[in-house]
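Asker: fold the following, please.
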Amino acid sequence: MTHVAVPLSGSGSVFVVFRSPRGETDPVVEVTRGGKLLVSATPTPPIEVTVTKARYGVLDDPQRTRDVTQKVQRIMDQGKYSFPVSSMAEGDDPAEGTVKTLIVEYSIEGRPFTAKATDRSVIHLRDNAIPVQIEKAIYGVPGDPQRTRDVRDKLQRLVDAGERSFVVARMAEGDDPAFLVVKTLNVEFTIKGERGRVSGTDPETIHLVPASVLRPPAAVVRTDEQGHAVLEVREGGDYRCKTESGRTHGFGIGACLHLLQ
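Answerer: I've put the predicted structure just below:
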């Protein structure tokens, strides 16, 4: 999916126009530099998730806990990498009327991951579920303690369930500190020993990723106002572009902008 933030003033509006193609097009589907693939329009194959162990219920009470490893694996085999935790109770509820927890240990291409979530939540078993420790999370109106909340525990539950990107306004669920007011979320976190900090307001989506990966892509193909394909790169080198029809363009770039068509 694509997330686009569109800030608007009070009573503001915007037109979003999807233009028709300008005649016949031959889009760029692959860009390489020195033989290394930088951009590819080839669909990413589905990930293969191997569920090592999955338990669901009141985890400190063996009598009210179930091994749901096979049940979770069947969901993964269907290509569904996110699902409601409460679905684990279907057919065999280990503790009726009690909020239960699901903890899943799994691997993707030999890399181990763990995700944990409770009923009423959605758990996400993906390859970006690197453990995140929320050090601090404050949500509300900056500078106004009466309209500010500590949401560290709420945010930790989200990341434990495998989420790394989310809409800021979700922090208002169940306890809105300033109804009908745009609020700010400030987060400090640690991933693999690397500290990070991010902030955003209600209309935005924020991403909890290490600072080391927050760098622009090596190459971007876009279309200018005249309908020409333009390649923007971060450094010079020997580039090759392949189009949908199989045509290739090879050239050396010393600057950071090149007209393809």
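
Asker: enumerate the positions of stretch 121-137 that are buried.
Answerer: 121, 123, 124, 125, 126, 129, 132, 134, 137 (16 or more other C-beta atoms under 10 Å). The C-beta positions use only the backbone N, C-alpha and C, and glycine is treated the same way.

Asker: show me how far that stretch is from its chain's centre.
Answerer: Here stretch 121-137 is found 10 Å from its chain centre; the criterion is C-alpha atoms, centre = their mean, to the nearest Å.

Asker: so what touches stretch 102-120?
Answerer: Stretch 102-120 has contacts (C-beta atoms under 8 Å, 6 or more residues apart in numbering) with 47-56, 59, 68, 72, 76, 85-86, 88-89, 99-101, 123-127, 129-131, 157, 160-162.

Asker: show me the buried residues of stretch 121-137 that map onto helices.
Answerer: Using DSSP state H, no member of the buried residues of stretch 121-137 falls within helices.

Asker: ranges for the strands of the stretch 151-261 of the chain?
Answerer: Assigned by DSSP state E, counting those that start in this stretch, the stretch 151-261 of the chain shows strands spanning 165-167, 184-191, 194-201, 205-207, 219-223, 229-233, 237-243, 248-253, 257-259.

Asker: tell me which of those strands sits nearest to residue 4.
Answerer: The minimum distance between residue 4 and those falls on strand 205-207, with 9.5 Å, by C-beta to C-beta.

Asker: low pLDDT regions in the stretch 1-150 of the chain?
Answerer: 1-3, 21-23, 44, 127-130 (pLDDT under 70).

Asker: show me where it has its helices.
Answerer: Assigned by DSSP state H, counting those that start in this stretch, the stretch 1-150 of the chain shows helices spanning 69-77.

Asker: walk me through the domains of the protein.
Answerer: Following automatic domain parsing, the chain resolves into domains at 28-42+215-259, 49-124, 132-212.

Asker: about what we covered before: out of the strands of the stretch 151-261 of the chain, the one nearest residue 11 is which?
Answerer: strand 194-201 (17.8 Å).

Asker: give me the angle between the closest one and strand 184-191.
Answerer: 160 degrees (axes from the mean of the first three to the mean of the last three C-alpha atoms, to 10 degrees).

Asker: so which elements touch strand 194-201?
Answerer: strand 184-191, strand 205-207 (3 or more C-beta pairs under 8 Å, 6 or more residues apart in numbering; DSSP states H and E).

Asker: what do you get if the cut-off is 6 Å, keeping everything else the same?
Answerer: Using 3 or more C-beta pairs under 6 Å, 6 or more residues apart in numbering; DSSP states H and E, the elements in contact with strand 194-201 are strand 184-191.

Asker: please list the outside residues in contact with the strand it packs on.
Answerer: Residues outside strand 184-191 that contact it (C-beta atoms under 6 Å, 6 or more residues apart in numbering) are 130, 132-139, 142, 168, 171, 196-201, 208, 210.
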